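> Quick one: sequence plus predicted model below, questions after.
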Amino acid sequence: MPIGYPTRNAKVFAAYLPITLSTSWSYATSLALVHLTNPLLPTSSALSSSFKDKIEDDVLPLSVQSLYTDDSYHTAKDSLLSSMTSAWLALDDDGLILESSSLQLPSCLPSALRSEIYAVVLGLHALSHGSSISIYTDCNQLISLWKRFVDVPFSPKLLREHNHLLWLSIRQLIKDRNLEVDLIKVPAHSDDVYNIQADFLAKDAHSFLQPTVSPLAFCYAPCLLTFNSLPIDMNIRHFLRSIADARALLSFCSMARFTALGFPSLFDWAGIHFCLSQIKGFASHKNGCPEFWIFCIKLLLDMLPTLATLQQRKPYLYSPDWLCPQCNSAPEDLNHLWTCPYILPDLNPRLTHRSELVKFRDSCLSSFLSLKPLDITFQTGFSALDCWNYESPSPSCLWLTRGLLPAHLTT
């Protein structure tokens, strides 16, 4: 059924959130609780048939006593996408390696922890029913979260966590296959030969092809929420909020007042969104300077009551032939405010624009220098950017004044 944004103030955002999903937070929680607390209900695994067949063909013997798991995670760089891999080794009680496996994982919600959990899920998939196993890992966070999410009775709070589908898959595998699992931390700098080999297998798997199966094929959870055929493996409310933010940003950057300036790629919309998100409650009158933030928003949206704006809104009151009342030499639009030659200091936005632009430039440079030493060449080049030229402002300077970040300044 169609739902709105799940918040007490949904009416505020209703115009910006045309989202239709098959569930809501309360419905998802109740559905999951029914499946997770009623042992008589059959489990409906999301595994694809081909992936199921592969798992069943690779079932390990009961003689397996230990699993060594490891992962490797490469963040996205330049033109390279992020990459997650996992690997495991299966050993008997004599320390002989009976089987090993490594795999490149779907890049859905990529993180180092997620690939660590994947390694455990895939290792448990390969175990026989009734196996008693010790899993060795060098990831402290994995062991800590295992104690919170696996060693305790199910709590609906788990559904609010990242990777909850993988944790539910682990719980379901242990239950369905009657497994006894104990996690053991591999000591740091212990030069454990098996841990080193698992690490090598995981790193080597980056050269493998991306899997062609859906990320759903790696889930064994009894209840799945999906969006565009991808699992929602995070807090559903946060997910809906991120979708709403993305759609609101798309609507925002598609406004005619921005598209009239050129292609959307001219601006760094992610940076603009970040800057706007830092304004907390600018209209709440609780931060001491609501008028300043309102001015910033109006400046960004070109809503200041300049003569050009008033001529568009009320042409019957403001003649289109009228020029700037200060200098009477050009139309008074937003850009003219920063170049008007009117000479009275107290009424001259041009001088204010210059001082604020210089102040912002120096503030940026000081922030950069506080992070790392920069040679004089960089400082000179930064100060020479055309966006700081207030004498004859370039489009970059005028856009930056409004609050629009030119893309060439951030890439």
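Structure's in. What do you need? Numbering: from 1, shown residues only.
> Leu124 in helix, strand or coil?
Three-state call for Leu124 (DSSP: H, G, I helix; E, B strand; the rest coil): helix.
> which residues touch it?
Listed by CB atoms under 8 Å, 6 or more residues apart in numbering, the contact set of Leu124 reads Ile170, Leu173, Ile174, Arg177, Leu179, Val181. Where you see a C-beta, it was placed from the backbone N, CA and C, and this is true even at glycine.
> Which of these fall within helices?
The subset of those located in helices under the criterion DSSP state H comprises Ile170, Leu173, Ile174.
> Go through these and name the one nearest His408.
The closest of these to His408 turns out to be Ile170 (CB to CB; 47.0 Å).
> Make TSV from the contacts of Leu124 and add neighbour count, distance to Ser265 and pLDDT to it.
Supplementary listing: these in TSV, determined by neighbours: other CB atoms under 10 Å; distance: CB to CB, whole Å; pLDDT from 0 to 100:
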residue	neighbour count	distance to Ser265	pLDDT
Ile170	21	43	94
Leu173	20	46	93
Ile174	15	49	93
Arg177	15	51	91
Leu179	17	52	94
Val181	20	50	94
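> Show me which pair in the residues you listed is furthest apart.
With CB to CB as the measure, no two of the contacts of Leu124 lie farther apart than Ile170 and Arg177, at 11.1 Å.
> Going by distance to Phe239, which of the ones in helices among the contacts of Leu124 wins?
Lowest distance from Phe239 to those (CB to CB) belongs to Ile170, with 21.3 Å.
> Settle this for me: that closest one is touching Tyr118, isn't it.
No: here Ile170 lies out of contact with Tyr118, judged by CB atoms under 8 Å, at a distance of 10.5 Å.
> Show me where the stretch 101-250 of the chain has its strands.
Taking DSSP state E, counting those that start in this stretch as the test, the strands found in the stretch 101-250 of the chain are 132-137, 180-185, 226-227, 230-231.
> where do the helices sit along the stretch 51-200 of the chain?
Ranges of helices in the stretch 51-200 of the chain, per DSSP state H, counting those that start in this stretch, are 112-125, 140-149, 164-176, 193-204.
> how far does the first one sit from the chain's center?
Between the centre of helix 112-125 and the centre of its host chain there is 21 Å, according to CA atoms, centre = their mean, to the nearest Å.
> so it versus strand 180-185, what angle?
On the basis of axes from the mean of the first three to the mean of the last three CA atoms, to 10 degrees, helix 112-125 is oriented at 140 degrees to strand 180-185.
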